[in-house]
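Engineer: mind looking at a prediction? Sequence and model below.
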Amino acid sequence: MLAHTLAAFVGGVLMLGSLAPAQAQGTSGNPPRSSWYLSGNIGVSWASQLDQEGWNREGTCYPTDACFDIDPIPSISGYRWRYAVGASIGRRTEFALGRDFDRVRLELAFTRRNHGLDQAFRGISFYDGAPIGARSGGTVVSNPEASIDDLRVWALAGQVFYDFPAAPGRPVPYLGIGLGPAFVTVRGVRFSTRYEDTAGNDTAYDPPLSFYDSRQDEDLSDTVLAAHLHAGMDFELNERMQTGARLTYSMLGAVEAAGVYETHPWHAQDPGLLNHNMFTRAGGWSLGLTLRVGLGD
């Protein structure tokens, strides 16, 4: 879906870009515009619920799992886990340098937005998708804790806008599209487990239960392709300044990153064990106030 949308965006950019010289000739009674400008946009943004999927390739059988009572313990190829990640209302800012050609405007824009995140556990399985059975009659618990701080996106985009005709003194509606790279960071990705026996009978484990404890605390980053759709309306303050409001929908590619564990039982076999996480549906809507200042020809 994203690939098809981006293809349509590129086609739109090329089509509107090709119109710029023609529009600069002036096709109405109004004198054509052709000048540089700076613009800014500040507002709020709403992100959809993100899907988080992760996996690693460790072979540990944990004392809470059914495999712990099998002799010999079966081979394990790794684990997969899933979370639903909710996003709070965030902030979005944008700064751009642009040039208008009568009704067509071309921009190079830099945007930043951020959202607080909240995880909800959805499930875990073995790497091949097989369910993990609980240890029958077991008294060991794992006390898992997981959280994420926030999502931060820095994006650079080439943008094209088309200003629709409007009567003098009336607001000017416009549509726009944008495409470019986005540097995405999911900050404060934390996970920890602490194993203990709730029976309170001092059962001896070899290795001890603390051997199975694990911990991760880091930021995960990736650079992805981002596409933007804009719709807005500008009001002319004077010959060089316009202000207005803009609604934007942004789409981001899947964010994929590998992380490391601070402590992990599999470090005895592989000190460099990685976990892999993928976050999808990281796009969203934003609504902001804009200001555009002309710089002259």
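Structural biologist: Ah, there it is.

Engineer: for whichever helix or strand residue 251 is part of, buried residues please.
Structural biologist: When elements are assigned from DSSP states H and E, residue 251 belongs to strand 241-252. For strand 241-252, the neighbour count (16 or more other C-beta atoms under 10 Å) marks 242, 244-246, 248, 250-252 as buried. The way it works is simple: take the backbone N, C-alpha and C, and place the C-beta from them, glycine included.

Engineer: can you give the contact residues for that strand?
Structural biologist: Residues from elsewhere that reach strand 241-252 (C-beta atoms under 8 Å, 6 or more residues apart in numbering): 2, 5, 41, 43, 92, 153, 155, 171-172, 182, 184, 224-237, 282-294.

Engineer: spatially nearest residue to residue 105, not counting backbone neighbours?
Structural biologist: Closest residue to residue 105 apart from its sequence neighbours, by C-beta to C-beta, 6 or more residues apart in numbering: residue 161 at 4.2 Å.

Engineer: I figured the one you found was touching residue 172, is that so?
Structural biologist: No: here residue 161 does not reach residue 172: they are 10.4 Å apart, not a contact under C-beta atoms under 8 Å.

Engineer: name whatever forms a beta bridge with the residue lying closest to residue 231 once chain neighbours are set aside.
Structural biologist: Spatial nearest neighbour of residue 231, excluding adjacent residues (C-beta to C-beta, 6+ apart): residue 247 at 5.1 Å. Judged by DSSP bridges, the bridge partners of residue 247 are residue 231, residue 287.

Engineer: if I look at residue 247, how far off is residue 204?
Structural biologist: 64 Å (C-beta to C-beta, to the nearest Å).

Engineer: so the residue lying farthest from the centre of the chain versus residue 140, what's the distance?
Structural biologist: Distance from the C-alpha centroid of the chain, by C-alpha atoms, centre = their mean, peaks at residue 201 (47.4 Å). As defined by C-beta to C-beta, residue 201 lies at a distance of 12 Å from residue 140.

Engineer: right, I'll leave it there.
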